[in-house]
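Peer 1: Got a predicted structure here, sequence first:
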Amino acid sequence: MKENTLAVKDISLHRQGFQLKRINAEFPPGRITAIVGPNGSGKSTLLKTITRLIAVDDGEIFIHGKPASAFSPRQLARHISMLPQTRDSLPDLTVQELVAYGRTPYKKLFQQRHTREDDQAVEFALNAVGMSGHAERLFYTLSGGEQQRARIAMALAQGTDILLLDEPTTYLDIAHQLDILNMLKRINEQWEITIAMVLHDLQQAAAYCHHMIAMKHGAVAAAGSPRDLLTPAFLKEIYEIDAKVTVIDGYPLIIPVTNLNKPGGI
Ligand SMILES: Nc1ncnc2c1ncn2[C@@H]1O[C@H](COP(=O)(O)OP(=O)(O)OP(=O)(O)O)[C@@H](O)[C@H]1O
C-alpha cells in the first residue's frame, strides 16, 4: 500500500452564510473516491480547498503526510491536478496547446519554449486519452466527449499523483459518460494515480469507485465502500428520497419511490 497520498483533517470554513464543517476525509492512495451529495452540499468547495483555490479557516490538508500549506503553489501543482466544472470554449487553441498548459508548473519564469520533457509529457497524455490523432484540431471543434478527453489529457500532462475532477461526466450522453469513466479507471489502474471525483450518478459511483464520501449541508455525512453505503436509509438521510435498492450482478440499482419533500411524486 502506498503512503497516505491525500487526507483532509478537521477543515472548516465560513463564507457568506456557507460553511464547511470540520471535514475529515481520507482518500485511499492509488484508488478512486467518489464525492457525492445533494446540490449545494459543498462538494466543489471541498475540492477547491484541497487545491487551495479557497483558503480554509481551520484544519489542514495533508499531501503525502505533509501539510499542503508547506508547499508553494508550484510544488502543489506538481502533486495535484484538478479539472473544474467550467466548460470554457477556448477559441483559437489547439488540443496540443491546451494539453501543454498542463506543463505550467514545470516552467521557469518567462520560459516560453517547451523542453523535451514537456513534449514527451504532452505526447504521453494525448496517447493515454486516445487523442493523438486530434492534436492539431482546434479545441472548440471537438465534440463534448472529445473535449473532456482533451481536458483530462491536460491534467495528465501535469504529471501529478493526485487527480481531482468536478463532475467529469456532466453534459455527456450515457455512452460517453461510460467512455470517460472507463478511461479514468484505466488511468488509475495503470499509473496508480489517486483520483477523487464529484459524481451525481450513485450507480456509476458504485461501479467505478472504491471509496465514497457523502456530503450534506457542508459536512461529511457518510464515508465507506459505495456498494455498502447505498441503502434506502442512506438515500433517505442524504437525499431525502424514499427509494428501493436492489442488487443486480453485485451492483446496486436505485429505484426512486418518493421525494420526501414532495409527497406524491418524485
Ligand atoms: N465563494 C462563495 N461565496 C458564497 N457562497 C458560496 C461560494 N462558493 C460556494 N458557495 C455556496 O456554497 C454552497 C456549496 O457550493 P458547492 O459548489 O461547493 O456545492 P456542490 O455540492 O458542489 O453543488 P453542486 O452539486 O450543485 O455543484 C452553495 O450554496 C454555494 O452557493
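Peer 2: Noted; the coordinates are in hand. Numbering: from 1, shown residues only.

Peer 1: make it CA atoms for all contacts and neighbour counts henceforth
Peer 2: Fine.

Peer 1: Could you report the neighbour count for Arg74?
Peer 2: Here the count is done by other CA atoms under 10 Å, and Arg74 has 12 residues near it.

Peer 1: ok, and the closest non-adjacent residue to it?
Peer 2: Leaving aside its sequence neighbours, Arg74 sits nearest to Pro105 (CA to CA, 6 or more residues apart in numbering; 5.2 Å).

Peer 1: and that neighbour, that one's in a strand?
Peer 2: No. Using DSSP: H, G, I helix; E, B strand; the rest coil, the secondary structure at Pro105 is helix, not a strand.

Peer 1: for it, what are its contacts?
Peer 2: By CA atoms under 8 Å, 6 or more residues apart in numbering, the contact set of Pro105 is 74-75, 77-78, 158.

Peer 1: Is it possible to get CSV of the residues you listed that adds pLDDT and distance to the ligand?
Peer 2: Formatted as CSV, the contacts of Pro105 follow (pLDDT from 0 to 100; distance: CA to the nearest ligand atom, whole Å):
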residue, pLDDT, distance to the ligand
Arg74, 90, 23
Gln75, 92, 25
Ala77, 93, 21
Arg78, 92, 24
Gln158, 94, 24
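
Peer 1: Walking through the stretch 1-150 of the chain, point out its helices one by one.
Peer 2: 43-50, 73-77, 95-100, 116-128, 144-157 (DSSP state H, counting those that start in this stretch).

Peer 1: Give me the contacts around the host helix or strand of Phe234.
Peer 2: Assigned by DSSP states H and E, Phe234 belongs to helix 232-239. Residues from elsewhere that reach helix 232-239 (CA under 8 Å, 6+ apart): 37-38, 214-216, 221, 241-245.

Peer 1: Considering only those, which also neighbour the ligand?
Peer 2: When contact is defined as CA under 6 Å from any ligand atom, the contacts of helix 232-239 meet the ligand at Pro38.

Peer 1: Weed out the non-buried ones from the contacts of helix 232-239.
Peer 2: 37, 214-216, 241-245 (16 or more other CA atoms under 10 Å).

Peer 1: Got phi/psi on the closest residue to Gln177 other than its chain neighbours?
Peer 2: Once flanking residues are discounted, Gln177 sits nearest to Thr169: 5.1 Å by CA to CA, 6+ apart. Note on Thr169: its backbone torsions stand at phi -110, psi 0 [degrees, to the nearest 10].

Peer 1: Who are the packing partners of the strand or helix carrying Ala196?
Peer 2: Assessed by DSSP H and E, Ala196 sits inside strand 194-198. With contacts defined as 3 or more CA pairs under 8 Å, 6 or more residues apart in numbering; DSSP states H and E, the packing partners of strand 194-198 are strand 32-36, strand 162-166.

Peer 1: next helix or strand past the last one?
Peer 2: Helices and strands here follow DSSP H and E; after strand 162-166, the next one along the chain is helix 174-191.

Peer 1: Dump the C-alpha coordinates for that next one into PDB.
Peer 2: What follows is helix 174-191, C-alpha atoms only, in PDB (Å, rounded to 0.1, in the frame of the first residue of the first chain):
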ATOM      1  CA  ILE A 174     -24.600   7.600 -21.300                       C
ATOM      2  CA  ALA A 175     -22.100   6.100 -23.800                       C
ATOM      3  CA  HIS A 176     -19.700   9.000 -23.500                       C
ATOM      4  CA  GLN A 177     -20.100   9.000 -19.700                       C
ATOM      5  CA  LEU A 178     -19.000   5.400 -19.600                       C
ATOM      6  CA  ASP A 179     -16.200   6.100 -22.000                       C
ATOM      7  CA  ILE A 180     -14.800   8.800 -19.700                       C
ATOM      8  CA  LEU A 181     -15.200   6.600 -16.600                       C
ATOM      9  CA  ASN A 182     -13.600   3.600 -18.200                       C
ATOM     10  CA  MET A 183     -10.700   5.800 -19.300                       C
ATOM     11  CA  LEU A 184     -10.300   7.200 -15.700                       C
ATOM     12  CA  LYS A 185     -10.400   3.600 -14.400                       C
ATOM     13  CA  ARG A 186      -7.600   2.600 -16.800                       C
ATOM     14  CA  ILE A 187      -5.500   5.600 -15.900                       C
ATOM     15  CA  ASN A 188      -6.000   4.800 -12.200                       C
ATOM     16  CA  GLU A 189      -5.000   1.100 -12.700                       C
ATOM     17  CA  GLN A 190      -2.000   1.700 -14.900                       C
ATOM     18  CA  TRP A 191      -0.400   4.600 -13.100                       C
END
